[in-house]
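Student: Give the three-dimensional model of this entry:
(chains A and B)
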There are 2 protein chains.
Amino acid sequence: MTTTTVLKLGGSVLTDKSAPETVDDGALDDAVGAVAEALAGDGDGADAPRLVLVHGGGSFGHHHAARHGVSDTDGTRDAEAAFAVHDAMRRLNDAVVTRLHEAGVDALPVHPLSAATRDSEARLSLPLGPTATMLEEGFVPVVQADMVAQAGSGTTVLSGDELVTTLARGLDADRVGLCSTVPGVLDADDAVISEITAFEEVSDVLGGSDATDVTGGMAAKVRALLDLGAPAHVFGPDALADFLAGEDAGTVIRG
Amino acid sequence: MTTTTVLKLGGSVLTDKSAPETVDDGALDDAVGAVAEALAGDGDGADAPRLVLVHGGGSFGHHHAARHGVSDTDGTRDAEAAFAVHDAMRRLNDAVVTRLHEAGVDALPVHPLSAATRDSEARLSLPLGPTATMLEEGFVPVVQADMVAQAGSGTTVLSGDELVTTLARGLDADRVGLCSTVPGVLDADDAVISEITAFEEVSDVLGGSDATDVTGGMAAKVRALLDLGAPAHVFGPDALADFLAGEDAGTVIRG
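Tutor: Coordinates of the predicted model:
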């Protein structure tokens, strides 16, 4: 049976966060190579997974978002500001899509600004017809973090993490992967926790919902992934090939 | 009451069709100027119409579509070919959006490849949440002709004309405008027909559905516009300001 996998390549993996709009060419090549190899399968493509790629903004999106003071909660009605953020994330998307083409992967871009919307309660609506049809037709949709129109707020930021959970649910994904610069969810000794099945197992080390989230949003991320209904793997770039080969990688989160 | 207008700026108006990927700067400036003036209204924006802009491919899309042999019926599964057409149309879209920003119009891009899909019978589905939310938030969506994923065919071309009728129906538009290089629907003496209320009135001059459509698709265009449920105006660039001011322009088609 063909499985559906949603894989997020973190902006921090693909870009040099210390310099605005700088692709980390070596890291992008490595990630693209792993994806191309996994999709080639045994050569006839029959056992290749259906794959949806999501990427964050990294040094492309964050730079412009900070300059214009926009986030997933602070919106803007300044179309030039919204376009500047969208356009920067699109340049990263173009780099990913083009590199995938060069590696023989039939990638197509998906820009959520054109496809998604939020209501006045910030609930996201992302119709999945285009992504699902791309998958059925043998393409690899490459979905970028983006700006999105929101009722009452103009436009707000739509993060890669929110896209991953929305796509995984909507496409009934079998597996979810989050590839970032950390090798997994870390315990108090900075060792990778191999499996998480309930938030209580890690609340001491990640902090509860009331505590300051000092781990860069890991607590919120783990909570969201526990709710998914599909196993989610949090891992670093070194484990990407293993994940794509169907093996366990980094921390496995099974809610 | 705020009215909703869907306006197509033909690719032939915005580009120099004789040269690949060449914007007709003077024509684009004129069109953008007319739009900016109409949206400024009496200054407080209260009487400004909600406006959705659509544009064709002109010398951007057609060049690449022809090179890769794709049309609204002939699809491709070659992601690089689909991306080449999409990307070219997007460069034109960028030019239009950027020029609108310079004129003070809060334009945001909409790329149908990310938003629309066709089923195996070629029926288009274009969820209108993003466009509607952009309008409610005071933005001007600028929708490009594009490629679109189609079940069973990979990707096919989605024309500006099909976008206009789909958007006009879905957004319950009050007025529709098609600005091309001809001043309207022409009679046998090349005079502009002022009004069409039934296809029989013009079948002799446009050709019936069985005849070769020598007028560049005008017969099919008129049939589609007669079905709309909103008055549609077919006019040339000189009449754009009149149309946007709410006046009759070129040929008015009322089904």
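Student: now stretch A:92-109, how far from the chain's geometric center?
Tutor: 16 Å (C-alpha atoms, centre = their mean, to the nearest Å).
Student: Tabulate the CA atom coordinates of it in CSV.
Tutor: Extracted in CSV, the C-alpha atoms of stretch A:92-109 (Å, rounded to 0.1, in the frame of the first residue of the first chain):
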residue,chain,number,x,y,z
LEU,A,92,13.5,29.8,-0.5
ASN,A,93,10.7,27.7,-1.9
ASP,A,94,12.0,28.3,-5.4
ALA,A,95,15.5,27.2,-4.3
VAL,A,96,14.1,24.0,-2.8
VAL,A,97,11.8,23.2,-5.8
THR,A,98,14.6,23.9,-8.4
ARG,A,99,17.1,21.8,-6.5
LEU,A,100,14.6,18.9,-6.4
HIS,A,101,14.0,19.2,-10.1
GLU,A,102,17.8,18.9,-10.7
ALA,A,103,17.7,15.7,-8.6
GLY,A,104,14.9,14.3,-10.7
VAL,A,105,12.1,14.9,-8.2
ASP,A,106,8.8,16.1,-9.7
ALA,A,107,8.3,18.9,-7.2
LEU,A,108,5.6,21.6,-7.5
PRO,A,109,5.3,24.7,-5.2
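Student: Could you report the neighbour count for the closest residue to residue A:202 other than its chain neighbours?
Tutor: Spatial nearest neighbour of residue A:202, excluding adjacent residues (C-beta to C-beta, 6 or more residues apart in numbering or on different chains): residue A:196 at 5.6 Å. For the C-beta atoms, the positions are set from N, CA and C on the backbone; glycine is no exception. The tally of other residues near residue A:196 (other C-beta atoms under 10 Å in any protein chain shown) stands at 22.
Student: beta partners for residue A:124?
Tutor: residue A:118 (DSSP bridges).
Student: Can you tell me how far it is from chain B?
Tutor: To chain B, residue A:124 is 10 Å away according to C-beta to the nearest C-beta, to the nearest Å.
Student: right, and that residue touches residue A:150 too?
Tutor: No: using C-beta atoms under 8 Å, residue A:124 makes no contact with residue A:150, being 9.0 Å away.
Student: circling back: quick check: beta-bridge partners of the residue nearest to residue A:202?
Tutor: residue A:253.
Student: who touches it in this structure?
Tutor: For residue A:196, the contact set (C-beta atoms under 8 Å, 6 or more residues apart in numbering or on different chains) comprises A:185, A:202, A:222, A:226, A:251, A:252, A:253, A:254.
Student: ok so, going back, which of residue A:124 and residue A:150 has more neighbours?
Tutor: The residue with more neighbours, out of residue A:124 and residue A:150, is residue A:150; 25 against 18, by other C-beta under 10 Å.
Student: quick one: contacts for the more buried one?
Tutor: A:75, A:117, A:118, A:119, A:120, A:122, A:156, B:133, B:137.
Student: Looking at the residues you listed, state which has the most neighbours.
Tutor: residue A:117 (27 neighbours).
Student: wait, what's in contact with that residue?
Tutor: So residue A:117 contacts A:124, A:125, A:148, A:149, A:150, A:151, B:129, B:130, B:132, B:133 (C-beta under 8 Å, 6+ apart).
Student: ok, the second one to residue B:172 distance?
Tutor: Using C-beta to C-beta, to the nearest Å, residue A:125 is found at 19 Å from residue B:172.
Student: higher neighbour count, these two?
Tutor: residue A:125 (15 against 11).
Student: The more buried one contacts residue A:118, correct?
Tutor: Yes: contact criterion C-beta under 8 Å: residue A:125 and residue A:118 qualify, at 7.3 Å.
Student: hey, what's the closest residue to chain B within the stretch 151-255 of chain A bridged with?
Tutor: Going by C-beta to the nearest C-beta, chain B is nearest to residue A:154 of the stretch 151-255 of chain A, at 5.2 Å. Listed by DSSP bridges, the beta-bridge partners for residue A:154 are residue A:150.
Student: what ranges do the strands span in the stretch 51-200 of chain A?
Tutor: Along the stretch 51-200 of chain A, the stretches classed as strands by DSSP state E, counting those that start in this stretch are A:107-110, A:117-118, A:124-125, A:140-144, A:146-150, A:154-158, A:175-179, A:195-196.
Student: Out of the ones you listed, which one sits most buried?
Tutor: strand A:146-150 (a mean of 28; mean count of other C-beta atoms under 10 Å in any protein chain shown).
Student: Show me what the mean pLDDT comes to for it.
Tutor: On average, the pLDDT along strand A:146-150 is 98.
Student: Tell me how far it lies from the chain's centre.
Tutor: Centre to centre, stretch against its chain (C-alpha atoms, centre = their mean), the figure for strand A:146-150 is 16 Å.
Student: Send over it as CSV, restricted to the C-alpha atoms.
Tutor: Extracted in CSV, the C-alpha atoms of strand A:146-150 (Å, rounded to 0.1, in the frame of the first residue of the first chain):
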residue,chain,number,x,y,z
ASP,A,146,3.8,31.9,4.3
MET,A,147,1.5,34.8,5.1
VAL,A,148,-2.2,34.1,5.1
ALA,A,149,-5.3,36.4,5.0
GLN,A,150,-7.1,36.4,8.4
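Student: Give me the angle between it and strand A:154-158.
Tutor: Relative orientation of strand A:146-150 and strand A:154-158, computed by axes from the mean of the first three to the mean of the last three C-alpha atoms, to 10 degrees: 140 degrees.
Student: pLDDT weak spots in chain A?
Tutor: A:1, A:42-47, A:208-216 (pLDDT under 70).
Student: In it, where's the longest helix?
Tutor: helix A:79-102 (DSSP state H).
Student: That one vs helix B:79-102, what angle?
Tutor: With the same axes, to 10 degrees as the basis, helix A:79-102 and helix B:79-102 are set at 170 degrees to each other.
Student: Give me the phi and psi for residue A:191.
Tutor: phi -90, psi 150 (degrees, to the nearest 10).
Student: Likewise for residue A:4?
Tutor: When read as degrees, to the nearest 10, the backbone of residue A:4 gives phi -110, psi 130.
Student: coming back round to it: hmm, which of the contacts of residue A:196 are the buried ones?
Tutor: Buried members of the contacts of residue A:196, counted by 16 or more other C-beta atoms under 10 Å in any protein chain shown: A:185, A:202, A:222, A:226, A:251, A:252, A:253.
Student: How about the fourth one, nearest residue that isn't a chain neighbour?
Tutor: Right, the one you point to is residue A:226. Per C-beta to C-beta, 6+ apart, closest to residue A:226 is residue A:255, 3.6 Å.
Student: Residue A:35 too?
Tutor: residue A:105 (6.1 Å).
Student: what's the answer for residue A:111, then?
Tutor: Distance criterion C-beta to C-beta, 6+ apart; nearest residue to residue A:111, sequence neighbours excluded, is residue B:114 at 4.5 Å.
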